[in-house]
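**Student:** Quick one: sequence and predicted model below, then my questions.
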Amino acid sequence: MGAPPQLTPEQRSAALLKAAASRKRRAEVKNRIKSSELTIDHVLELAQNDEAVAKMRVRELLEALSGVGKVRANALMEKLNISATRRIAGLGRHQIKELRNEFMKTTHAARPGKLLVLSGPGGVGKSTVASQLRKSGDFWVSVSATTRASRSNELNGIDYYFISDEEFDRRIKHDEFLEWAEFAGNRYGTPSAEVQDALNRGENVLLEIEIDGAKQVKSHLPAAVLVFLEPPSWEELVARLEGRGTDGPDRRAHRLQLAQEELAAASFFDHVIVNDSVERVVAQLVSLAS
Ligand code: 5GP
């Protein structure tokens with residue numbers, strides 16, 4: 001083996017920064033696996049486009065899964081002939097298939113899953129409800145593509161697929177969205193194939209999207225159940241939007257104006273639920289899908 005390449009100090013510090021960012025991303029992904037927000041399927045999918053996730057060791061992935069300790073992780077790796085230090089990127093096609101089979105829900109019924117669309121004014125708490133539902137395991141929650149820049153607490157491929165305007169155009173042209181809409185100057189779209197696959201697997205699917213998109217879904221898939229989440233009061237919604245540290249004042253003002261228009265759309269929806277308690281909303285959505 002030849003001598004390692006000589007790096008300039010700049011190259012070295014850039015490499016260190018990149019390695020630190022990758023470690024941080026892996027730690028975040030592992031936390032989300034531990035809290036059951038991400039399934040093994042989701043992580044294997046993410047690893048295809050995400051270098052940091054691709055470099056996660058298979059052992060770490062397995063041990064982060066709920067109900068899989070060191071012993072079961074070892075046994076599984078032995079059974080599937082996966083070496084102790086193997087990274088996700090190094091898994092063979094057959095090993096990936098076997099891993100998926102190991103963790104596939106056995107409860108999938110022959111019927112396709114139900115599609116629930118959760119909408120409502122910005123700031124009403126849709127994303128909190130969606131993340132609770134993802135954790136509960138009762139729903140497969142779709143990850144949208146957006147042209148919006150990511151916020152500091154967001155992860156590509158988990159909160160959204162953050163894509164360029166050109167890529168968004170390409171996906172529209174190739175009919176890859178079940179629906180898409182513009183909201184507050186950015187575009188957002190639901191990947192059609194992923195949703196369809198999940199429904200075919202028998203999973204109940206939740207889309208957390210704005211109102212125009214919800215209407216589009218209903219026109220393509222009339223069996224979709226549209227749920228409008230309402231704030232307990234307008235004052236509460238204003239307080240929540242004003243309190244958002246992630247948006248600047250102009251953006252907050254724009255979102256308030258949009259929220260006012262959005263509230264008027266409730267009558268189009270199959271169900272209106274007041275978000276006075278996240279647990280209650282989650283329970284109602286679960287019962288709508290059963
Ligand atoms: P935010 O930028 O705050 O994450 O989202 C802005 C709005 O876009 C929210 O109302 C959210 O529900 C909506 N949204 C997120 N993903 C999609 C999507 O795929 N399609 C549509 N139509 N709206 C979306």
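**Tutor:** Good, I have the coordinates. Numbers count the residues shown, from 1 in each chain.
**Student:** mind listing the helices in this structure by residue range?
**Tutor:** 9-34, 40-46, 51-54, 58-64, 70-79, 93-103, 126-136, 165-173, 192-200, 211-220, 234-242, 249-263, 278-289 (DSSP state H).
**Student:** Would you tell me which of these gets closest to Ala181?
**Tutor:** Closest to Ala181 of those, according to C-beta to C-beta: helix 211-220, at 4.3 Å. Every residue, glycine included, has its C-beta placed from N, CA and C.
**Student:** now the closest residue to the ligand within the chain: how far from Ile158?
**Tutor:** Of the residues in the chain, the one nearest the ligand is Gly213, at a distance of 2.3 Å by C-beta to the nearest ligand atom. Applying C-beta to C-beta, to the nearest Å, the value for Gly213 to Ile158 is 20 Å.
**Student:** Relative to Arg86, which of the helices of the chain is closest?
**Tutor:** helix 58-64 (5.0 Å).
**Student:** Check the average confidence over the closest one, would you?
**Tutor:** Helix 58-64 shows a mean pLDDT of 94.
**Student:** what does this structure have sitting close to the ligand?
**Tutor:** 122, 126, 144, 148, 179-181, 183, 188-190, 208-210, 213 (C-beta under 6 Å from any ligand atom).
**Student:** before we move on, the earlier item: so what's the residue count around the residue of the chain closest to the ligand?
**Tutor:** 24 (other C-beta atoms under 10 Å).
**Student:** which among the residues of the chain next to the ligand gets closest to Leu116?
**Tutor:** Glu208 (9.5 Å).
**Student:** Tell me the pLDDT of that closest one.
**Tutor:** According to the model, Glu208 carries a pLDDT of 97.
**Student:** That one contacts Arg134, correct?
**Tutor:** No. Judged on C-beta atoms under 8 Å, Glu208 makes no contact with Arg134 at a distance of 9.8 Å.
**Student:** now the stretch 51-200 of the chain, which segments are flagged as low pLDDT?
**Tutor:** 105-110 (pLDDT under 70).
**Student:** out of the helices of the chain, deepest packed?
**Tutor:** Most buried of the helices of the chain by mean neighbour count (mean count of other C-beta atoms under 10 Å) is helix 58-64; its value is a mean of 21.
**Student:** to the chain's geometric centre, what's the distance from it?
**Tutor:** Centroid separation for helix 58-64 versus its chain: 20 Å, with C-alpha atoms, centre = their mean, to the nearest Å.
**Student:** Give me the distance between the two termini of stretch 59-72.
**Tutor:** Counting by C-alpha to C-alpha, to the nearest Å, you get 10 Å between the two ends of stretch 59-72.
**Student:** swap that for stretch 28-39, please
**Tutor:** OK, stretch 28-39 end separation, C-alpha to C-alpha: 14 Å.
**Student:** that older thread, nearest to Val278, of the residues of the chain next to the ligand?
**Tutor:** Lys126 (10.6 Å).
**Student:** re earlier: relative to Ile88, which of the residues of the chain next to the ligand is nearest.
**Tutor:** The closest of the residues of the chain next to the ligand, once distances to Ile88 are taken by C-beta to C-beta, is Ser144, at 23.8 Å.
**Student:** Now do the phi/psi pair for the closest one.
**Tutor:** Dihedral angles phi and psi of Ser144 (degrees, to the nearest 10) take the values phi -80, psi 160.
**Student:** burial of it, as a residue count?
**Tutor:** 21.
**Student:** quick one: it and Arg187 touch, right?
**Tutor:** No. Ser144 is beyond contact range of Arg187, at 9.9 Å (criterion: C-beta under 8 Å).
**Student:** Domain map for this protein?
**Tutor:** Structural domains assigned to the chain are 11-107, 115-289, following automatic domain parsing.
**Student:** Include distance to Pro4 when you put the ones you listed into TSV, please.
**Tutor:** Compiled in TSV, those are given as follows (distance: least, C-beta to C-beta, whole Å):
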stretch	distance to Pro4
domain 11-107	11
domain 115-289	30
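**Student:** quick one on the thing from earlier: can you tell me how far the residue of the chain closest to the ligand sits from Gly243?
**Tutor:** Computed as C-beta to C-beta, the Gly213 to Gly243 distance reads 25 Å.
**Student:** ok, now Ala224?
**Tutor:** As for Ala224, its distance to Gly243 is 32 Å (criterion: C-beta to C-beta).
**Student:** same check, this time on Ala223
**Tutor:** From Ala223 to Gly243 the distance is 37 Å (C-beta to C-beta).
**Student:** Same check on Asn275?
**Tutor:** Asn275 is 15 Å from Gly243, by C-beta to C-beta.
**Student:** Since that was my last question, I'll sign off now.
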